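[1] Got a predicted structure here, sequence first:
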Amino acid sequence: MPKTPMALFAAGMRRAPPRSIRRFSLALQSSARRSSRVTRSAVTFQLAGFRTSALAQEIVKVPQMAESLTEGTLKSWTKKVGDRVEQDEEVAVIETDKIDVTVNAPKAGRIKHLLAAEEDTVEVGQDLFELEPVEGGAEAPAPAEVPEKAAAPGPEEPKPAAKEVEKAEAAPAHVPVPEAVAPKEEKPKEERPAKPAAYRGETRIKMSRMRLRISERLKQSQNAAASLTTFNEIDMSSLMDMRGKYKDLVLKEHGVKLGFMSAFAKACCLALKDFPVANASIERDEIVYHDYVDLSIAVATPKGLVTPVVRGADELGMIQIEKEIGELGKRARDGKLGLEDMAGGTFTISNGGVFGSMYGTPIINLPQSAVLGMHAIKDRPVAIQGKVEIRPIMIVALTYDHRRR
């Protein structure tokens, strides 16, 4: 019967000298160890390569805001570490001198690290946060909860008989205690109520960049311009009658409320054509006259006063101006204005009447030449053709730079 290769190998090993068998065994063990190391290295390299390619992270930087803006204040994080974000989803808000800039995620992923704290000053191009992409665009499974360790077995409770013996041994011998003598009762002293201290607290709130910038510009205007303010009374009877007659029709057909601002804006555009010096600006040693009217409309927001611009107001009708003012006002209050919405402007209108004020001296919005201030409408006695009548009167104030005269 023919022998198998294994049987022949075993027979040869029995006939071989012991020293040869030992050398052969050591060679086999060394070869097996080298093979194992090569295999483990290959597996580790493949896994490391897979991790590097699949979980590449991205550092998101402070975006370019405008040519004149190089830094801002990190006002708030709208996401925290570990939050999942979609592409273009808001992650942070940076406050600048003029507007709020939102920082969005360039792609879907998960916030891994926040590289700046709120209220920090951040510069354009600075690292802001680290974004970790999610494999396959799906949520990574949450780590499984680690079960609590089993409670260590406590000492065995003694048997009832043993408990009774321990109690008997631990109980102290009964010792009679002498009765305590009751103390004499003392009459309680009358306590006078203390006078409450007056509250004299203080609250300090850091000024926002926008409010600081507004303060600087207002003071700059007072220092640079030779401001002069004149006041006039306007009988609002005709304008109020016109508004009352057409406001419902305008709202029905155009979806906009007809106010007084559009009428004053249109009147300013006509007047500025007759007096172009009020629509001019000073640049160095030159007076620049504009053949167009870009109206800056002052809007009060929680962060301060802003002046978005109605472009080409002299070419628009009252309803179009009303639409533009309404849209810009809403975006200003929602914090959605861009730098382009507030750049420029040749003349400003400010309506202090919404706060109930009757008089005021508006401050020129440099480099403009003049600003018109509207105020509250009040019934006042006026002389009409030799008779005293009650009419709705508004006081308007025009502040202008006397250097242009």
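    Arrived safely, thanks for sending.

[2] Which parts of stretch 294-308 count as buried, going by neighbours?
    294-300, 303-308 (16 or more other C-beta atoms under 10 Å). Every residue, glycine included, has its C-beta placed from N, CA and C.

[3] again with stretch 361-379
    Buried residues in stretch 361-379 (16+ other C-beta under 10 Å): 362-377.

[4] How about stretch 260-273?
    Buried residues in stretch 260-273, counted by 16+ other C-beta under 10 Å: 260-266, 268-269, 272.

[5] quick one: average confidence on it?
    For stretch 260-273, mean pLDDT rounds to 95.

[6] So what touches the host helix or strand of residue 219?
    Following DSSP states H and E, one finds residue 219 within helix 209-224. Under the contact criterion C-beta atoms under 8 Å, 6 or more residues apart in numbering, helix 209-224 has outside partners 72-73, 95-99, 207, 227, 303-306, 363-366.

[7] So which of the residues you listed sit within strands?
    Taking DSSP state E, the ones among those that sit in strands are 72-73, 95, 227, 304-306.

[8] Going through those, which one is the model least confident about?
    Ranked by pLDDT, the ones in strands among the contacts of helix 209-224 bottom out at residue 304, which scores 77.

[9] and that one, bridged to which residues?
    Partner residues in beta bridges with residue 304, using DSSP bridges, are residue 301.

[10] I'd like to know how far it sits from residue 220.
    15 Å (C-beta to C-beta, to the nearest Å).

[11] which of the buried residues of stretch 361-379 lies closest to residue 329?
    Among those, residue 374 lies closest to residue 329 (C-beta to C-beta), at 14.6 Å.

[12] got a list of what the closest one touches?
    Counting by C-beta under 8 Å, 6+ apart, residue 374 has contacts 260-261, 264, 349-353, 394, 396.

[13] swap in residue 207?
    By C-beta under 8 Å, 6+ apart, the contact set of residue 207 is residue 215.

[14] In terms of pLDDT, where does it sit?
    On the pLDDT scale, residue 207 is placed at 82.

[15] ditto for residue 232
    96.

[16] How much space separates it from residue 104?
    Distance of residue 232 to residue 104, given as C-beta to C-beta: 49 Å.

[17] Compare these two and say which is more crowded by neighbours.
    Applying other C-beta atoms under 10 Å to residue 232 and residue 104 shows that residue 104 carries more neighbours, namely 14 against 9.

[18] My guess is that one contacts residue 93. True?
    No. The pair residue 104 / residue 93 is not scored as a contact, 10.7 Å apart, by C-beta atoms under 8 Å.

[19] Start and end of stretch 101-119, how far apart?
    Distance across stretch 101-119, first residue to last, is 14 Å (C-alpha to C-alpha, to the nearest Å).

[20] buried ones in that stretch?
    Neighbour-count burial for stretch 101-119 [16+ other C-beta under 10 Å]: 101-103, 105, 108-112, 114, 116.

[21] can you check stretch 65-78 too?
    65-66, 69, 72-75, 77.

[22] picking up where we left off before, for the buried residues of stretch 260-273, which one is nearest residue 281?
    Using C-beta to C-beta, residue 272 comes nearest to residue 281 of the buried residues of stretch 260-273, at 12.6 Å.

[23] tell me the contacts of residue 268?
    Residues counted as contacts of residue 268 (C-beta under 8 Å, 6+ apart) are 293, 295, 347, 349, 372.

[24] residue contacts, the second one?
    Read that as residue 295. Neighbouring residues of residue 295 by C-beta under 8 Å, 6+ apart: 265, 268-269, 309-310, 313, 321, 345-349.

[25] how about JSON lines for those, with distance to residue 59 added?
    Converted to JSON lines, those look like this (distance: C-beta to C-beta, whole Å):
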{"residue": "265", "distance to residue 59": "47"}
{"residue": "268", "distance to residue 59": "50"}
{"residue": "269", "distance to residue 59": "50"}
{"residue": "309", "distance to residue 59": "37"}
{"residue": "310", "distance to residue 59": "41"}
{"residue": "313", "distance to residue 59": "45"}
{"residue": "321", "distance to residue 59": "46"}
{"residue": "345", "distance to residue 59": "39"}
{"residue": "346", "distance to residue 59": "43"}
{"residue": "347", "distance to residue 59": "46"}
{"residue": "348", "distance to residue 59": "43"}
{"residue": "349", "distance to residue 59": "46"}
